[in-house]
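Peer 1: here you go, sequence then predicted model.
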Amino acid sequence: MTPRLRLQPEAVGMGMTSQRVRDRLVERLRESGIADERVLNAIRTLPRHLFVDEALATRAYEDTALPIGHSQTISQPWVVARMTEVLLETSPKKVLEIGTGSGYQAAVLAMLGLEVHTVERIGDLLRQARKRLRQLGMNVRSKHDDGRIGWAEHGPYDAIIVTAAAPALVPVLVEQLAVGGQLVAPVGGSGSQSLVRLLKRPDGSVEETTLAPVVFVPLLSGTLD
Ligand code: SAH
């Protein structure tokens, strides 16, 4: 079921954060190859400016990553759209996200009616993300932990999306993937990475595909308050 958004008064009709500006971003994403109308609709509906600091709100509908504190970023809308579009291809129900950050990617997935579980290692970012998601009336389960161990309790997952880059796919996460499931993650060192898709076939074997060049912050170990 698609949750009904409880929009704050400041989410509507405010100059650079207005619906028209959001529509323009959606058109731009469409021109850059995003074709799934469900994804475009979620991005059109979600107030991305509520996921960044007020001082950056006017830039929230540019197709760019933006700082969210603690040297982390909210991902570029095109990257969020592309990863979501890829995930939807296998019609998942239960999804695990590693790297909650601002909570925006989790909100996009929840808007599409998916059961979302998300893990973030920085407590302060997670608290802010939880508050935003709550204010928007979105039901997302979250945990403060090092996501490199996944979240076994609720697994296996139909899909896993990793939103921070590691030099290689994390084996534990592949283990928590259901048969027929799909993992999407940026793989590579700092600076530039490739978006990689891994499909777990019914016989347990895996198929890996490289999708696009991307830039993500690194997947780090341990947790911070
Ligand atoms: N999906 C986020 C993108 C955030 S950037 C959004 O939509 O805003 C990546 C996030 O991954 C950061 O918040 C970072 O703290 C987090 N991260 C990095 N390594 C992690 C790990 N091992 N476990 C959980 N989160 C991690």
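Peer 2: On my side now, so go ahead.

Peer 1: if I look at the residue of the chain positioned farthest from its centre, how far off is the ligand?
Peer 2: Going by CA atoms, centre = their mean, the residue of the chain most distant from its centre is residue 203, 28.6 Å out. Taking CB to the nearest ligand atom, to the nearest Å as the measure, residue 203 falls 30 Å from the ligand. Any C-beta I mention is one placed from the backbone N, CA and C, and that applies to glycine too.

Peer 1: now that residue: how far from residue 179?
Peer 2: Per CB to CB, to the nearest Å, residue 203 is found 9 Å from residue 179.

Peer 1: so for the lengthiest strand in the chain, mean pLDDT?
Peer 2: If you go by DSSP state E, the chain has its longest strand at strand 177-187. Here strand 177-187 scores 97 as its mean pLDDT.

Peer 1: buried set for it?
Peer 2: When burial is assessed from 16 or more other CB atoms under 10 Å, strand 177-187 yields the following buried residues: 177, 178, 181, 182, 183, 184, 185, 186, 187.

Peer 1: tally of neighbours for residue 101?
Peer 2: Residue 101 is flanked by 26 other residues according to other CB atoms under 10 Å.

Peer 1: if I look at the residue most central in space within the chain, how far off is residue 135?
Peer 2: By CA atoms, centre = their mean, the chain has its centre lying nearest to residue 105, at 2.7 Å. Per CB to CB, residue 105 is found 17 Å from residue 135.

Peer 1: the ligand contacts on this protein?
Peer 2: 72-75, 98-99, 101-102, 104-105, 119-122, 125, 146-148, 163-164, 217, 219-220 (CB under 6 Å from any ligand atom).

Peer 1: give me the buried subset of these.
Peer 2: Buried, going by 16+ other CB under 10 Å: 72-75, 98-99, 101-102, 104-105, 119-122, 125, 147-148, 163-164, 217, 219-220, out of the residues of the chain next to the ligand.

Peer 1: what is the nearest of the buried residues of strand 177-187 to the ligand?
Peer 2: Distance to the ligand, by CB to the nearest ligand atom, is smallest for residue 186 among the buried residues of strand 177-187, at 9.7 Å.

Peer 1: if I pick residue 80, what's in contact with it?
Peer 2: Residue 80 sits next to 43, 104, 105, 108 when contact means CB atoms under 8 Å, 6 or more residues apart in numbering.

Peer 1: okay, those residues in JSON lines with pLDDT next?
Peer 2: Shown next, in JSON lines, are the contacts of residue 80 (pLDDT from 0 to 100):
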{"residue": "43", "pLDDT": "97"}
{"residue": "104", "pLDDT": "98"}
{"residue": "105", "pLDDT": "98"}
{"residue": "108", "pLDDT": "98"}
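
Peer 1: those residues: which two are farthest apart?
Peer 2: 43 and 105 (10.9 Å; CB to CB).

Peer 1: quick one: the helices in the chain, in order.
Peer 2: 19-31, 37-45, 77-88, 104-111, 123-135, 171-175 (DSSP state H).
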